[in-house]
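Engineer: After the sequence you'll find the predicted model.
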Amino acid sequence: MEKDPDRKFHGGEEMDSVEGGVDEALTTEYSHKLERKVLWKLDTRILPILALLFLCSFFDRTNVGNARLYGLEDEIGITDHQYDVGLAVYYATYIFGEIPSNLILKKVTPSVWLPCLAFVWGIVAMSTGFIKNFGHFVVIRALLGLCEGGLLPGMILYLSSIYRRSELAIRIGIFYTSASLSGAFGGLLARAISELGGKGGLSSWRWIFIIFGLFTITVSFFSFWLLPNGVSTAWFFNEEEKECALRRLHTQGAAGGGREQEDTERFSWSEVRRGIFSLQTWLTASAYFGILSGLYSFGLFLPTIIKDLGYTANEAQLWSVIPYAVAAVATLCTAYLSDHFRVRGIIMLFTMPIAVIGYAVIANTHHAKVKYGMTFLMATGLYSSVPPVLGWLSNNSAGHYKRATTSALQLAIANAGGFVAVFIYPKREGPQYHRGHTVVLSLLTAGWFLVLANVLYCWKLNRDKAAGKHDKYIGYKDDRDPSFKFVL
């Protein structure tokens with residue numbers, strides 16, 4: 001029987017096609033495995049360092065509250081009002097340092113700048129243990145704010161340069177939970193350190209500042225040696241992994257953040273102006289202002305609420321851990337959902353009302369157990385809203401110096417919430433704090449509408465780009481480019 005040559009040819013072609021499909025599948029599978037390996041290395045080598053730095057910053061800024069319990073005010077001779085002034089000065093210099101810090105981050109490099117900030121504020125925090133009067137207190141708090149101000153915007157900018165847009169929220173959530181952990185365990189650690197009171201002729205509150213400051217300095221040294229400047233210089237990648245990490249960022253195109261030109265981008269004041277006058281910056285920053293007003297004041301009234309339940313000081317410290325722990329879990333879950341569905345503001349439209357309900361109830365009830373229950377809603381709604389709002393503006397800003405400006409300006413505006421937190425919860429209004437709770441409730445409600453406005457604004461920009469109204473920006477490779485899609 002004679003064989004059909006055409007059939008033989010077609011059969012060989014089919015075989016080549018099948019083999020080609022198998023090779024392509026194997027290549028794709030290998031590529032996915034390599035990408036997962038790259039992400040795992042980034043997550044396990046970089047995030048723990050950032051989490052430790054952020055944890056240190058929260059410890060060093062909030063330890064003044066723990067020190068107050070052990071006689072800070074009496075020993076240096078300051079009044080309640082002078083204490084509040086010291087807290088307010090911290091936020092003034094904190095805000096002042098954010099934008100300049102972000103603008104020089106690329107020049108100095110993250111692996112040098114971020115650890116240096118931690119080293120200096122660690123020294124300042126430790127020096128707080130040796131202050132003698134109100135003047136010393138104000139100067140130390142001012143220096144601490146100036147040094148710490150550059151950390152969070154710098155970390156957000158740094159993460160946005162090594163992760164894709166859709167991967168940012170969960171990473172912010174991971175290191176931001178260290179803030180809730182500082183609230184949970186800072187008091188317990190301070191209680192343990194206070195046992196050193198009298199050693200070396202120093203009071204308990206002085207040892208709190210000294211020990212925590214030394215811890216920050218130690219972390220800064222480790223950070224300097226372990227933190228890479230970016231994926232192209234990461235010490236833990238081999239050449240293949242470096243290529244994969246770079247390809248992940250560059251193959252996103254303009255829709256993925258305009259990363260192609262950022263490696264060679266030079267500083268430009270026009271990019272700074274674009275960041276300052278961006279409507280999204282002001283909408284998200286104003287909403288975040290309300291969130292931080294609640295976050296910064298949360299620890300001020302939580303001990304009072306727990307004390308009303310009839311617990312001792314040590315028992316109260318233990319009970320205060322639980323709302324923070326629940327908030328930490330909720331923050332990670334929310335951040336995961338935000339990345340999974342690739343939305344930011346839409347997620348916040350669901351998380352912020354949780355805190356609103358908590359504040360609305362706690363402001364109008366006198367039952368201690370109900371108040372304690374509401375702290376779970378307040379902490380959950382506040383903390384879980386942070387990763388989406390921080391990732392949102394960074395996602396929607398392309399061009400290194402515009403993103404550096406928007407990230408820092410957003411935090412500068414929002415951190416002004418620290419001034420609100422300092423003055424709306426005076427001791428004399430406890431334990432009800434009706435005025436303070438009502439102020440934060442109003443700010444969170446207004447913030448919800450601002451988030452909604454920004455969601456609608458981003459939706460309109462995307463629709464206009466699809467309709468060709470932004471075609472004059474084709475080839476710009478930043479957030480003005482029609483191929484760049486804003487995250488809602």
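Structural biologist: Done, it's in.

Engineer: can you pull the pLDDT of the nearest residue to Leu159 once chain neighbours are set aside?
Structural biologist: The shortest distance from Leu159 to any non-neighbouring residue, by Cβ to Cβ, 6 or more residues apart in numbering, is to Arg171 (5.6 Å). C-beta here means a position set from N, CA and C on the backbone, and glycine is covered the same way. Looking at Arg171, its pLDDT is 90.

Engineer: My read is that Arg171 contacts Asp43, right?
Structural biologist: Yes - using Cβ atoms under 8 Å, Arg171 is in contact with Asp43, at 7.3 Å.

Engineer: Neighbour count for the two, which is higher?
Structural biologist: Shown here are Arg171 and Asp43; by other Cβ atoms under 10 Å, Arg171 has more neighbours (25 against 15).

Engineer: Any idea how many residues pack against Leu47?
Structural biologist: Neighbours of Leu47 under the rule other Cβ under 10 Å: 17.

Engineer: ok, now which ones touch it?
Structural biologist: Neighbouring residues of Leu47 by Cβ atoms under 8 Å, 6 or more residues apart in numbering: Arg171, Ile174, Phe175.

Engineer: looking at it, the second one is touching Leu332, isn't it?
Structural biologist: Yes - with contact defined as Cβ under 8 Å, Ile174 and Leu332 form a contacting pair (6.8 Å).

Engineer: Pro100: how many residues sit nearby?
Structural biologist: For Pro100, the neighbour count with other Cβ under 10 Å is 12.

Engineer: Please list all residues in contact with it.
Structural biologist: Taking Cβ under 8 Å, 6+ apart, we find Pro100 in contact with Gly150.

Engineer: right, and the helix or strand after the one helix or strand Leu393 maps to?
Structural biologist: Leu393 is located in helix 368-395, with elements delineated by DSSP states H and E. Downstream of helix 368-395, the next assigned helix or strand under DSSP H and E is helix 400-414.

Engineer: Could you tell me the angle between that following helix and helix 368-395?
Structural biologist: Using axes from the mean of the first three to the mean of the last three Cα atoms, to 10 degrees, one finds that helix 400-414 and helix 368-395 are set 160 degrees apart in direction.

Engineer: contacting residues around whichever helix or strand comes after helix 400-414?
Structural biologist: Downstream of helix 400-414, the next assigned helix or strand under DSSP H and E is helix 417-423. With contact meaning Cβ under 8 Å, 6+ apart, helix 417-423 is reached by 84, 87-88, 90-92, 94, 288-297, 300, 439-440, 443.

Engineer: so of those residues, which ones are in helices?
Structural biologist: Using DSSP state H, the subset of those located in helices is 84, 87-88, 90-92, 94, 288-297, 300, 439-440, 443.

Engineer: Selecting buried members of those residues in PyMOL, what would you type?
Structural biologist: Command for PyMOL, covering only those of the ones in helices among the contacts of helix 417-423 found buried under the criterion 16 or more other Cβ atoms under 10 Å:
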select buried, resi 84+87+88+90+91+92+94+288+289+290+291+292+293+294+295+296+297+300+439+440+443
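
Engineer: sorry, back to before: buried ones in the helix holding Leu393?
Structural biologist: In helix 368-395, counting by 16+ other Cβ under 10 Å, buried: 368, 371-372, 374-395.

Engineer: Look up how far Ala327 lies from Thr334.
Structural biologist: 10 Å (Cβ to Cβ, to the nearest Å).

Engineer: List the contacts of Phe130.
Structural biologist: Phe130 makes contacts with Arg206, as judged by Cβ under 8 Å, 6+ apart.

Engineer: Report the separation between the two terminal residues of stretch 413-433.
Structural biologist: Using Cα to Cα, to the nearest Å, the end-to-end distance of stretch 413-433 comes to 25 Å.

Engineer: Which of the helices or strands spans Phe221?
Structural biologist: helix 204-226.

Engineer: what stretches of the stretch 101-250 of the chain score poorly on pLDDT?
Structural biologist: 179-180, 182-184, 187 (pLDDT under 70).

Engineer: can we see that at 50?
Structural biologist: Within the stretch 101-250 of the chain, not a single segment meets pLDDT under 50.

Engineer: For it, which segments are assigned as helices?
Structural biologist: 110-127, 134-148, 151-160, 168-193, 204-226, 239-250 (DSSP state H, counting those that start in this stretch).

Engineer: will you turn those into JSON lines that also has distance to Ser320?
Structural biologist: Conversion of the helices of the stretch 101-250 of the chain to JSON lines gives the following (distance: least, Cβ to Cβ, whole Å):
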{"stretch": "helix 110-127", "distance to Ser320": "22"}
{"stretch": "helix 134-148", "distance to Ser320": "23"}
{"stretch": "helix 151-160", "distance to Ser320": "24"}
{"stretch": "helix 168-193", "distance to Ser320": "6"}
{"stretch": "helix 204-226", "distance to Ser320": "17"}
{"stretch": "helix 239-250", "distance to Ser320": "41"}
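
Engineer: Nearest to Ile276 among those helices would be which one?
Structural biologist: With Cβ to Cβ as the criterion, Ile276 lies closest to helix 151-160 of these, at 14.0 Å.

Engineer: Which elements pack onto the closest one?
Structural biologist: Here helix 151-160 touches helix 47-69, helix 80-108, helix 110-127, helix 168-193, helix 368-395, helix 400-414, going by 3 or more Cβ pairs under 8 Å, 6 or more residues apart in numbering; DSSP states H and E.

Engineer: Now do the end-to-end distance for stretch 336-346.
Structural biologist: 14 Å.

Engineer: Now do it: distance to the chain's middle.
Structural biologist: Offset of stretch 336-346 from its chain centre (Cα atoms, centre = their mean, to the nearest Å): 16 Å.

Engineer: and what of stretch 32-42?
Structural biologist: Using Cα atoms, centre = their mean, the offset of stretch 32-42 from its chain centre is 23 Å.

Engineer: Not counting its own residues, what contacts it?
Structural biologist: Contacts with stretch 32-42, where a contact means Cβ under 8 Å, 6+ apart, come from Ile162, Tyr163, Glu167, Val231, Ala234, Phe236, Phe237, Glu240, Glu241, Cys244, Ala245, Arg248.

Engineer: let's go with 6 Å and repeat that
Structural biologist: Stretch 32-42 has contacts (Cβ atoms under 6 Å, 6 or more residues apart in numbering) with Phe236, Glu241, Cys244, Ala245.

Engineer: what about Gln280, which SS state?
Structural biologist: With DSSP: H, G, I helix; E, B strand; the rest coil as the basis, Gln280 sits in helix.
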